[in-house]
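Visitor: what follows is a protein structure lacking sequence information:
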């Protein structure tokens with residue numbers, strides 16, 4: 001009996017070895033077993049597989065969402081959903097915006113949709129283009145991914161400027177781009193010149209040795225350029241003062257005359273508006289009176305004589321100038337800032353020293369940013385230690401051009417503000433009534449203006465609405481209860 005069992009096992013072993021040595025027998029056994037499974041469990045197919053010719057791209061599957069793109073000095077980049085950051089009041093300590101090493105710090109942040117293209121300008125004058133969704137997504141405390149692993153950069157090449165572009169490329173032919181370098185040089189090109197950027201990059205500018213691209217902004221001929229230096233000087237001139245350059249390798253022309261040791265820190269694009277110095281002075285005086293602000297808020301540098309300061313404008317002209325008015329936010333490296341009316345920045349020619357943008361002293365330190373904002377906007381400030389704060393703009397007071405400002409970011413003694421970014425109204429997620437502030441500011445109270453003109457106090461037509469901080473006040477000092485700044 002034992003011998004028969006051994007013979008049986010030997011026969012099975014020889015058969016199994018023959019199966020393992022024969023590819024044909026293995027495939028045959030697999031087919032037979034699959035047929036048995038089909039016969040036992042097969043059901044009619046309920047779906048149909050057909051060939052489909054579609055132009056669906058990976059980008060079509062990406063959700064549209066606002067992202068906070070953060071870049072460090074060492075070249076690390078990441079994107080974080082904007083909803084991950086909650087708003088705080090000004091003067092707060094902030095939260096960690098990026099994990100950095102001892103020799104690294106955050107230098108750039110901006111808000112963009114996942115479908116927006118972004119241009120990257122390098123230190124050697126080359127341009128690269130990527131969509132925001134192709135950037136690495138990470139947590140707020142993480143460091144991100146090195147740009148050298150995302151873009152084809154040389155060993156000595158580094159990214160100096162990052163510019164989000166309009167999502168609709170059909171608008172690019174109608175827009176221009178203004179280049180600004182750290183030495184105050186500006187150059188104007190058509191945005192369509194950078195529509196086709198290959199993977200290896202495109203030559204955008206050939207800067208001189210020791211000079212780099214500071215910023216690149218989108219503009220039209222109906223805009224003005226505002227250049228601000230670290231030592232508090234600024235100059236505003238029309239865009240058409242700079243001709244459109246056909247080539248991408250030229251250096252451009254002088255935008256501002258810099259003093260010894262000074263450098264350009266920001267370039268902003270403002271809407272152009274034709275107004276005489278007398279009209280600007282009269283408008284600013286009447287606006288301060290309506291808002292209940294004292295004459296102490298006026299700029300220390302007066303550009304018109306006393307006769308012009310006593311001039312008046314009509315209500316219709318006031319409405320027109322109020323609709324065109326913008327406010328420029330200026331921030332210093334020690335965390336101080338202020339908002340100033342765009343009418344305090346007179347339009348002049350390019351290439352001059354300019355006027356004072358903000359008082360630069362031991363308390364404020366040098367300037368780090370200057371750009372236009374709306375009442376409903378929020379801003380993000382980042383220090384070289386990686387601390388970040390997000391606060392509403394309407395908590396920063398409106399002051400004269402040459403004043404010192406108020407504390408915006410309570411930085412540590414060994415930290416400096418290195419980057420400031422504007423968060424537009426439609427990107428804010430903290431709710432509230434801030435979104436209506438800019439519109440209500442234009443809908444100013446005509447009867448309140450008549451009080452300034454005729455020195456009479458009429459009844460306020462504004463509806464009585466509950467507001468934590470009313471913005472319409474009579475020159476006598478009492479609040480009328482109307483929501484908004486007019």
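Guide: Looks like it arrived, so ask away. Note that the structure is predicted; figures quoted are calculated from it, not measured.

Visitor: for the protein, which helix or strand comes out least confident on mean pLDDT?
Guide: Lowest on mean pLDDT, DSSP states H and E among the helices and strands of the chain sits helix 437-442, with a mean of 36.

Visitor: now do the contacts for the closest residue to residue 332 other than its chain neighbours.
Guide: Take residue 332 and drop its neighbours on the chain: the residue closest to it by Cβ to Cβ, 6 or more residues apart in numbering is residue 364, 4.0 Å away. C-beta coordinates here come from the backbone N, C-alpha and C atoms, glycine included. Neighbouring residues of residue 364 by Cβ atoms under 8 Å, 6 or more residues apart in numbering: 332-334, 336, 358, 404-405.

Visitor: can you rerun that using 7 Å?
Guide: With contacts defined as Cβ atoms under 7 Å, 6 or more residues apart in numbering, residue 364 is in contact with 332, 334, 336, 404-405.

Visitor: which of those residues has the most neighbours?
Guide: residue 332 (27 neighbours; other Cβ atoms under 10 Å).

Visitor: circling back: what pLDDT does the residue nearest to residue 332 get?
Guide: We note a pLDDT of 90 for residue 364 in this prediction.

Visitor: cool, and residue 174?
Guide: 84.

Visitor: look up how far residue 277 lies from the residue nearest to residue 332.
Guide: As judged by Cβ to Cβ, to the nearest Å, residue 364 and residue 277 stand 27 Å apart.

Visitor: now swap in residue 270 and tell me
Guide: From residue 270 across to residue 277, the span is 17 Å (Cβ to Cβ).

Visitor: so what's the residue most central in space within the chain up against?
Guide: With distances taken as Cα atoms, centre = their mean, the residue of the chain nearest its centroid is residue 110 (4.0 Å). Listed by Cβ under 7 Å, 6+ apart, the contact partners of residue 110 are 69, 162, 164, 421.

Visitor: tell me which element it falls in.
Guide: Applying DSSP states H and E as the criterion places residue 110 in strand 106-113.

Visitor: adjacent strands (with direction) for that strand?
Guide: Here strand 106-113 is paired, per DSSP bridges, with strand 66-72 (antiparallel).

Visitor: what's the following helix or strand after the strand it pairs with?
Guide: strand 76-81.

Visitor: centre of the chain to the helix or strand hosting residue 339, how far?
Guide: Assigned by DSSP H and E, residue 339 belongs to strand 336-341. Strand 336-341 has its C-alpha centroid displaced from the chain centroid by 18 Å (Cα atoms, centre = their mean, to the nearest Å).

Visitor: and for stretch 350-357?
Guide: Remark: stretch 350-357 is offset 25 Å from the chain centroid, using Cα atoms, centre = their mean.

Visitor: tabulate the contacts of residue 364 (CSV), appending secondary structure.
Guide: Shown next, in CSV, are the contacts of residue 364 (DSSP: H, G, I helix; E, B strand; the rest coil):
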residue, secondary structure
332, strand
334, coil
336, strand
404, coil
405, coil
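
Visitor: which of those residues sits closest to residue 198?
Guide: Proximity of these to residue 198 (Cβ to Cβ) peaks at residue 332, which lies at 40.5 Å.

Visitor: hang on, that closest one packs against residue 367?
Guide: Yes. Between residue 332 and residue 367 there is a contact under Cβ atoms under 7 Å: 5.5 Å.

Visitor: shared neighbours, the two?
Guide: In contact with both residue 332 and residue 367: residue 358, using Cβ under 7 Å, 6+ apart.

Visitor: okay, now the unreliable bits of the chain?
Guide: For the chain, applying pLDDT under 70 flags the ranges 52-56, 73, 86-107, 292-311, 424-486.

Visitor: which residue ranges form the helices in it?
Guide: Taking DSSP state H as the criterion, the chain carries its helices at 2-21, 23-41, 277-291, 306-309, 315-324, 437-442, 446-454.

Visitor: please work out which of those is packed deepest.
Guide: Of the helices of the chain, the one with the most neighbours on average (mean count of other Cβ atoms under 10 Å) is helix 277-291, at a mean of 20.

Visitor: next, the contact list for residue 362, please.
Guide: Shown in contact with residue 362 (Cβ under 7 Å, 6+ apart): no residues.

Visitor: any chance of the backbone angles for it?
Guide: With angles defined as degrees, to the nearest 10, residue 362 sits at phi -70, psi -40.

Visitor: from residue 334, how far off is it?
Guide: Distance of residue 362 to residue 334, computed by Cβ to Cβ: 9 Å.

Visitor: columns distance to residue 180 on top of the helices of the chain, output as JSON lines?
Guide: Listed next are the helices of the chain as JSON lines, based on distance: least, Cβ to Cβ, whole Å:
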{"stretch": "helix 2-21", "distance to residue 180": "74"}
{"stretch": "helix 23-41", "distance to residue 180": "69"}
{"stretch": "helix 277-291", "distance to residue 180": "25"}
{"stretch": "helix 306-309", "distance to residue 180": "32"}
{"stretch": "helix 315-324", "distance to residue 180": "24"}
{"stretch": "helix 437-442", "distance to residue 180": "27"}
{"stretch": "helix 446-454", "distance to residue 180": "38"}
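
Visitor: out of those, which comes closest to residue 376?
Guide: Closest approach to residue 376 among those is made by helix 437-442 (5.0 Å; Cβ to Cβ).

Visitor: if you drop the residues flanking it in sequence, what lies closest to residue 329?
Guide: Nearest to residue 329 is residue 373, by Cβ to Cβ, 6+ apart, at 4.6 Å.

Visitor: cool, residue 165 as well?
Guide: Leaving out its chain neighbours, residue 165 is closest to residue 117 (Cβ to Cβ, 6+ apart), at 4.7 Å.

Visitor: that neighbour reaches residue 131, doesn't it?
Guide: Yes. Checked against Cβ under 7 Å, the pair residue 117 and residue 131 is within contact range at 5.6 Å.

Visitor: between those two, who's got more neighbours?
Guide: More crowded of residue 117 and residue 131, by other Cβ under 10 Å: residue 117, with 20 against 17.

Visitor: related to what we said a few turns ago, show me the contacts for the residue nearest to residue 165.
Guide: 129, 131, 165.

Visitor: kindly report the same for residue 201.
Guide: By Cβ under 7 Å, 6+ apart, the residues touching residue 201 are 126-128, 152.

Visitor: ok, residue 376 - how many residues close by?
Guide: By other Cβ under 10 Å, neighbour count at residue 376 equals 22.
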